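>>> Structure of the sequence below:
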Amino acid sequence: MSVFAFIAADLVAIGLMVFTLYFPRHRRRDLIVAFLSINVGVMGVTYAMATAELSLGFGLGIFAVLSIIRLRSTEMDHAEIAYYFTAIALGLLGGFPSISPYVSFTLMAVLLGVIAVGDSPALFPRTRQQTMVLDRAVTDEAAARDMLGTLLGARIDRVTLRKVDLISESTVCDVRFTLPSAGRAVENSPDARMGPAAHDVTALATSTRVR
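Reported below is the predicted structural model:
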């Protein structure tokens with residue numbers, strides 16, 4: 001099959017990933033050009049190395065040069081790193097015209113399907129993760145769990161105390177929690193039945209910082 005078919009398939013796949021999956025879900029415009037450029041760049045370099053008569057040393061040298069380039073950008077979460085990896089993988093598949101087109105195109109579709117399902121908002125929609133800073137020193141995870149359950153109005157699934165500062169009276173926690181469904185009370189919130197007033201008082205006593 002013509003190499004232009006592989007290029008077209010790669011462009012269609014990366015277009016679907018960026019404009020149908022990533023941007024509508026994450027709304028981060030600056031990564032659009034990063035995904036597109038890294039995909040097309042990897043595809044071009046892969047095709048050039050697959051068709052040209054290059055020595056193994058030259059190929060290793062190219063990757064050695066690429067490895068010293070440091071990406072300086074704002075922090076990315078794990079989902080965005082997965083999109084980066086998918087963009088690179090799509091470029092690699094589109095840059096090897098010697099591969100069977102059925103295998104290459106199928107793998108592209110599988111990659112898009114996996115990231116579409118894995119990053120779907122419908123998958124565990126009420127599960128959240130936050131890094132929170134409490135304005136008191138808490139050394140007991142059970143006590144931190146009760147405080148966070150009251151503050152967040154959610155079922156606390158896991159609490160990890162990252163840092164306890166006894167001098168400045170603060171505690172950094174990594175908390176994983178599940179929001180309650182509509183109309184249901186929070187299981188581990190002792191003040192859930194006291195109405196929104198109790199929640200407001202607790203919120204004033206605790207400051208949070210979301211990562």
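
>>> What segments of the chain are strands?
127-134, 155-165, 170-178 (DSSP state E).

>>> a markdown table please, covering these and showing distance to F19 and mean neighbour count.
Glycine gets a C-beta too; all of them are placed from N, C-alpha and C. Shown next, in a markdown table, are the strands of the chain (distance: least, CB to CB, whole Å; neighbours: other CB atoms under 10 Å):
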| stretch | distance to F19 | mean neighbour count |
| --- | --- | --- |
| strand 127-134 | 26 | 16 |
| strand 155-165 | 34 | 15 |
| strand 170-178 | 31 | 19 |
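
>>> Please give me every residue in contact with T51.
Residues counted as contacts of T51 (CB atoms under 8 Å, 6 or more residues apart in numbering) are P97.

>>> one step back: and the strands of the chain as CSV, adding mean pLDDT and distance to L148?
Listed next are the strands of the chain as CSV, based on pLDDT from 0 to 100; distance: least, CB to CB, whole Å:
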stretch, mean pLDDT, distance to L148
strand 127-134, 92, 7
strand 155-165, 94, 5
strand 170-178, 94, 5
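
>>> buried set for the longest helix along the chain?
For the chain, the longest helix by residue count, based on DSSP state H, is helix 30-51. By 16 or more other CB atoms under 10 Å, the buried positions in helix 30-51 come out as L31, A34, F35, L36, I38, N39, V40, V42, M43, V45, T46, Y47.

>>> Now do it: distance to the chain's middle.
Relative to its chain's centre, helix 30-51 lies at 21 Å (CA atoms, centre = their mean, to the nearest Å).

>>> Ok, which of the strands of the chain comes nearest A89?
The minimum distance between A89 and these falls on strand 127-134, with 26.0 Å, by CB to CB.

>>> Quick check: neighbours of that closest one in the sheet, parallel or antiparallel?
Sheet pairing of strand 127-134 (DSSP bridges) gives strand 170-178 (antiparallel).

>>> what domains does the record give for the protein?
Domain assignment for the chain by automatic domain parsing gives 3-118, 127-205.

>>> Pull up the distance across the first one, start to finish.
Counting by CA to CA, to the nearest Å, you get 31 Å between the two ends of domain 3-118.

>>> and the residue nearest to G41 when sequence neighbours are not counted, how many neighbours?
In this structure, G41 finds its nearest non-sequential neighbour in G91, 7.2 Å apart by CB to CB, 6 or more residues apart in numbering. Using other CB atoms under 10 Å, G91 has 22 other residues around it.

>>> Excluding chain neighbours, what is closest to S98?
A50 (6.5 Å).

>>> Pull the contacting residues for that neighbour.
If you count contacts by CB under 8 Å, 6+ apart, A50 has them with G95, F96, P97, S98.

>>> Repeat that for Y84.
Contact partners of Y84, counting by CB under 8 Å, 6+ apart, are A34, F35, I38, M76.
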